[in-house]
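Student: Give me a model of this one.
(one chain, ligands or ions: 2)
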Amino acid sequence: MSKVHLIDHPMIQHKLTLMRDKNTSTKDFRELLNEISMLMTYEITREFPLKDVEIETPICKSVQKMIAGKKVSIIPVLRAGLGMVEGMLKIIPSAKIGHIGLYRDPKTFEPVEYYCKVPNKIENRPVIIVDPMLATGGSANAAIQFIKDRGGNNIKLMNLIAAPEGIEAVTKAHPDVDIYVAGIDEKLNDHMYIVPGLGDAGDRIFGTL
Ligand code: PRP
Ligand code: URA
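Tutor: Ligands and ions are numbered 1, 2, ... in the order given. All right, here's what the predicted structure looks like:
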């Protein structure tokens, strides 16, 4: 069963409130998203496995710890997921970046795919799929399935805000995928927007309102 990790550090809650405010500028919104993404990545990587490495300090030889395994793959769901990548790279600078292009059809609310490119040997990498909004869960479920179809088997999902409906949809379809989220909101409205949410994440990041 998926675990849902609510990362509700006071600094994250403070920054998320600023992002929700409709008067926050595009520039500030983008900066806040980067800052929260960096803080969330610190938490999401907490359980990454370590290996022993021998190094030589200026004083002596010593066995110390480093992250084990192949480089992490960060996979933003276009467009809005792109706004989280820069902050994540501050914590995992050597990550490989894939892209999944999806948009939600405004009438059916179903995800429509237009692009998918992922790093090689995805089956050997931890994968973090990122998208600020988990609303109905249709986009996240499609993105997770794309990665699984290409061999990915160690997948985490990172969202800024989730609706209970989206969490339920992902945990049902992909019980092996843990979800990391900074806020869990009340519900979806008739247009499948998260309430209270922050509006259209892509439009707010890219200034296309
Ligand atoms: C938003 C958001 C998610 C999706 C969430 O993208 O970034 O990808 O909606 O909704 P769901 O959980 O109901 O599928 P949108 O389709 O607006 O595309 P954009 O990022 O290109 O603006
Ligand atoms: N996509 C968004 O950008 N915002 C929502 O509230 C729901 C889907």
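Student: The residue in the chain that ligand 1 sits nearest to: what's it in contact with?
Tutor: When distances are taken as C-beta to the nearest ligand atom, the chain reaches nearest to ligand 1 at residue 202, 2.4 Å away. C-beta coordinates here come from the backbone N, C-alpha and C atoms, glycine included. For residue 202, the contacting residues are 79, 80, 208, taking C-beta atoms under 8 Å, 6 or more residues apart in numbering as the criterion.
Student: Which of these sits closest to residue 16?
Tutor: residue 80 (14.9 Å; C-beta to C-beta).
Student: Based on its surroundings, how many neighbours for the closest one?
Tutor: Around residue 80 there are 23 other residues, counting by other C-beta atoms under 10 Å.
Student: Now do it against residue 20, distance only.
Tutor: Taken as C-beta to C-beta, to the nearest Å, the spacing of residue 80 relative to residue 20 amounts to 15 Å.
Student: What about ligand 1: which of the contacts of residue 202 touch it?
Tutor: With the criterion set as C-beta under 6 Å from any ligand atom, the members of the contacts of residue 202 near ligand 1 are 79, 80.
Student: Tabulate the contacts of residue 202 in TSV, adding columns for distance to residue 144.
Tutor: Rendered in TSV, the data for the contacts of residue 202 read as follows (distance: C-beta to C-beta, whole Å):
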residue	distance to residue 144
79	18
80	16
208	26
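Student: pLDDT at residue 104, what is it?
Tutor: In the predicted model, residue 104 carries a pLDDT score of 84.
Student: wait, isn't it in contact with residue 111?
Tutor: Yes - using C-beta atoms under 8 Å, residue 104 makes contact with residue 111 at a distance of 5.8 Å.
Student: and residue 148, how many residues sit next to it?
Tutor: Taking other C-beta under 10 Å as the neighbour definition, residue 148 ends up with a count of 17.
Student: for residue 3, same thing?
Tutor: Residue 3 sits with 11 neighbouring residues when counted by other C-beta under 10 Å.
Student: Not counting its neighbours along the chain, what's nearest it?
Tutor: Residue nearest to residue 3 in three dimensions, not counting chain neighbours: residue 178, with 4.7 Å by C-beta to C-beta, 6 or more residues apart in numbering.
Student: same question, residue 42
Tutor: Beyond its immediate neighbours in the sequence, the residue positioned closest to residue 42 (C-beta to C-beta, 6+ apart) is residue 91, lying 5.5 Å away.
Student: And the one you found, how far from residue 131?
Tutor: The spacing between residue 91 and residue 131, counted by C-beta to C-beta, is 18 Å.
Student: neighbour-wise, which of these two wins?
Tutor: It is residue 131, of residue 91 and residue 131, that has more neighbours when counted by other C-beta under 10 Å, with 27 against 17.
Student: May I ask you to confirm that residue 163 is in contact with residue 194?
Tutor: Yes - applying C-beta under 8 Å, one finds residue 163 in contact with residue 194, separated by 4.8 Å.
Student: mind listing the helices for the chain?
Tutor: Counting by DSSP state H, the chain has helices at residues 10-20, 26-44, 82-91, 138-149, 164-173, 201-206.
Student: For ligand 2, find the nearest of the ones you listed.
Tutor: Taking C-beta to the nearest ligand atom as the criterion, ligand 2 comes closest to helix 201-206 out of these, the separation being 3.8 Å.
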